[in-house]
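> got a sequence here, can you build the structure:
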Amino acid sequence: MIRLKYLVTLCLLLFVVPPVFAASAPRYDLFEEASGLLEQGSPLEAAALYRRILEGSIDREERARALLFLSVLYSRNLNLPDTAVACLEQIETTYPDTAVIIDARFALGAVSYRNGRFAEAVTHFQRFVELYPEHMRSSSARAWLRQAEILAGEQPAPQPQDKAMAKLPEKVRVLLHHQVEQVILGRTGEPMTVLRDGSPLFEGNGPVTVTTGQDGLVVNGVVAGNLTLTLEPGSARPRVDGHAYRGVVTLWPDEEGISVVNTLPVEEYLYGVLPKEMSPLWPEEALKAQAVASRSYTYHTLLNRKAHARFDLEATTAFQVYGGADAEAPETTAPVDSTKGHYLAFQGLPIIACFHANSGGMTESADAVWGAALPYLKGVKDSFSRLAPDACWTGEIDADSMVKKLWEKGYRPGGIISLETSEPSPSGRNGRVIISTSRGRLELTGNEFRLAMGPEVIRSARFSVTRKKRHFTFEGCGYGHGVGMSQWGARKMAASGFTYDTILHHYYKNVSLVTIDKEGVR
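Numbering: from 1, shown residues only. All right, here's what the predicted structure looks like:
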């Protein structure tokens, strides 16, 4: 058993961290940006960047490399082994002459083994050893081959629904601040204790001012060094810049300032998420649906974080908005408690339970937005969202402001000549936005264009555009990316008498509502 565990770990490392191949860099270093998104726990956004490379690069090595990284992402982060295999097989058929092919052939065996398909793993590893007997990975392939042969003879490959439930982390680390110059801990008159690598550094009444200097953190003018500080909960909850938090707060010096992280139990974290993501005044069943969606999203992120990461989630809209203890309200705490341990699972694992403000009448598939076809994030009709106030909207922008916004997002257009939309999805959202400029043609996905313009101009990729001289007018419906649960739709469904589980199954397909308690998953 020890040997098998070691082999599984070895295979995952070899598969999850493929070597970087020499290739001409794309116009923007999208590989590095995608890697950063994965580090942050944003696999769907990373998939979109790999898809952009695959569709836009003229370099065969780059396209093959994008497929390899997509296969890793599908297998490891999105629990879609069949899609991962399809990416690897595409490398086999389309890019067999690239340097990536060796790693793709090894990965075919690795992903098969990882998902209990031992007979397939035997076939792939046998082929690898025959093709590359002297390759540096041949010894690993032979070891895996022997183990796969044993397991293939002992048991049948498990079906997807038989996959074991994952052990879920109990705590979450939330990044509150990054690269800030100063942090105020505690408040006047409240007792507090600040530890430096486990030993008391300050004991007394707050507040305490933490800044950075050449030698690391500086606490009330005293150099504390390049060490981690911990603010333990005492008679009062830890406070950061006047805001109270449950759990423990840690600080450390980073490249250009101070990072601050709040570590606390998942359920208590949700106490501070729910009132920031949905109004406490909304119907209880909608709030319960939001609690389960947020819990599912949190668990998925926790299970896919890199081991060396110093935090799991950020307290912003990039993940889920988190307001700490100050944001808590009885109306939102109760739905968290009444659904404690409930989460949505696909093939035994928590899902990426995306949600957004308003679908505008139909939700969008993850495939249309990020190029990742997830069985549980499909477009569904959503008439309830059309009943919400401001479900449809109008936004305006002039050509110069549009160019400025695009430059702020890293694009380099010239003066706007024309703007067209194309490739509408079944939900009516624009798949592509093509902008002709004096410096060439710029092509974005509808979601990328929406994010570049901002919600004050475009709330959703479901829009039409008209131009009058140098001014553009956008008319559309919905708010946000449109994937997963519509929060306004959930509110209207709850007000019409639907329960939270019905709401969830309306927006998330092919999932199970799972409960975990002290005795485990049931």
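> in the helix or strand harbouring R173, which residues are buried?
Element membership of R173, judged by DSSP states H and E, is strand 171-180. Of all the residues in strand 171-180, those buried under the rule 16 or more other Cβ atoms under 10 Å are V172, R173, V174, L175, L176, H177, V180. Bear in mind the C-beta positions are built from the backbone N, C-alpha and C, glycine included.
> who does that strand touch, helix- and strand-wise?
Other elements packing on strand 171-180 under the criterion 3 or more Cβ pairs under 8 Å, 6 or more residues apart in numbering; DSSP states H and E are strand 248-254, strand 257-265, helix 266-277, strand 313-314.
> need these in TSV with distance to E92, can you?
TSV is the format used below for those (distance: least, Cβ to Cβ, whole Å):
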stretch	distance to E92
strand 248-254	42
strand 257-265	43
helix 266-277	41
strand 313-314	37
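> deepest of those, which one?
Sort those by mean neighbour count, taking mean count of other Cβ atoms under 10 Å, and helix 266-277 sits at the top with a mean of 23.
> CA atoms only: put that helix into CSV for me.
Taking Å, rounded to 0.1, in the frame of the first residue of the first chain, the C-alpha atoms of helix 266-277 are listed here in CSV:
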residue,chain,number,x,y,z
VAL,A,266,-15.5,27.0,6.1
GLU,A,267,-18.9,27.4,7.7
GLU,A,268,-17.8,30.6,9.5
TYR,A,269,-16.3,31.9,6.3
LEU,A,270,-19.7,31.5,4.6
TYR,A,271,-21.3,33.6,7.4
GLY,A,272,-19.2,36.5,6.0
VAL,A,273,-19.8,35.6,2.3
LEU,A,274,-23.6,35.2,2.1
PRO,A,275,-24.6,38.7,3.1
LYS,A,276,-22.1,40.2,0.6
GLU,A,277,-23.3,38.0,-2.3
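> hmm, who's touching it?
The contact list for helix 266-277, computed with Cβ atoms under 8 Å, 6 or more residues apart in numbering, reads 168-172, 174, 245-247, 287, 290-291, 294-295, 298-299, 302, 320-325, 327-329, 331-333, 335-337, 340, 355, 487.
> and the angle for that helix with strand 171-180?
For helix 266-277 against strand 171-180, the angle between stretch directions is 50 degrees (axes from the mean of the first three to the mean of the last three Cα atoms, to 10 degrees).
> which is the next helix or strand following helix 266-277?
The element immediately downstream of helix 266-277 (helix or strand, assigned by DSSP H and E) is helix 284-303.
> chain center to that following helix: distance?
In this view, helix 284-303 has its centroid 14 Å away from the chain centroid, taken as Cα atoms, centre = their mean, to the nearest Å.
> between helix 266-277 and it, find me the angle.
With the same axes, to 10 degrees as the criterion, the two stretches helix 284-303 and helix 266-277 enclose an angle of 120 degrees.
> for the spatially closest residue to G186 that is not a sequence neighbour, give its distance to V292.
Once its chain neighbours are removed from consideration, G186 has its nearest residue in G206; the separation is 2.3 Å (Cβ to Cβ, 6 or more residues apart in numbering). Taking Cβ to Cβ, to the nearest Å as the criterion, G206 is separated from V292 by 37 Å.
> quick one, which of those two is more surrounded?
When neighbours are counted by other Cβ atoms under 10 Å, G206 and V292 differ, and V292 comes out ahead with 26 against 20.
> so what's that one up against?
V292 makes contact with T339, H342, Y343, L344, A353, Y500, L504, L513, according to Cβ under 8 Å, 6+ apart.
> pLDDT wise, what is it at?
On pLDDT, V292 comes in at 99.
> now do N79
pLDDT, the model's per-residue confidence, is 88 for N79.
> name the SS class of it, please.
Per DSSP: H, G, I helix; E, B strand; the rest coil, the local secondary structure of N79 is coil.
> my read is that it contacts L349, right?
Yes. Look at N79 against L349 with Cβ atoms under 8 Å: they come within range, at 5.0 Å.
> and the two? which has more neighbours close in?
Set side by side, N79 and L349 show more neighbours around N79, with 26 against 20, by other Cβ under 10 Å.
> got the phi and psi for that one?
phi 60, psi 40 (degrees, to the nearest 10).
> same check, this time on S418
Note on S418: its backbone torsions stand at phi -150, psi 160 [degrees, to the nearest 10].
> tell me the contacts of the residue nearest to it when sequence neighbours are not counted?
The spatially closest residue to S418, leaving aside those adjacent along the chain, is S436, at 4.5 Å (Cβ to Cβ, 6+ apart). With contact taken as Cβ under 8 Å, 6+ apart, S436 is in contact with I416, I417, S418, L419, L442.
> surely S436 is within a helix?
No. With the criterion set as three-state DSSP, the secondary structure at S436 is strand rather than a helix.
> before we move on, the earlier item: pretty sure the residue nearest to G186 contacts R239?
Yes. Counting by Cβ under 8 Å, G206 does reach R239; the two are 7.2 Å apart.
> overlap in contacts of the two?
Common contacts of G206 and R239, defined by Cβ under 8 Å, 6+ apart, comprise L185, G186, R187, E190.
> give me the spatial nearest neighbour of L49, chain neighbours excluded.
Once its chain neighbours are removed from consideration, L49 has its nearest residue in A34; the separation is 4.0 Å (Cβ to Cβ, 6+ apart).
> nope, R52 is what I was after
Nearest to R52 is L30, by Cβ to Cβ, 6+ apart, at 6.2 Å.
> distance of the one you found relative to R51?
Distance of L30 to R51, given as Cβ to Cβ: 10 Å.
> didn't G431 look like it was pressed against S422?
Yes. Between G431 and S422 there is a contact under Cβ under 8 Å: 6.7 Å.
> more crowded one of these two?
Here G431 and S422 are compared on neighbour count by other Cβ under 10 Å; more neighbours surround G431, at 15 against 11.
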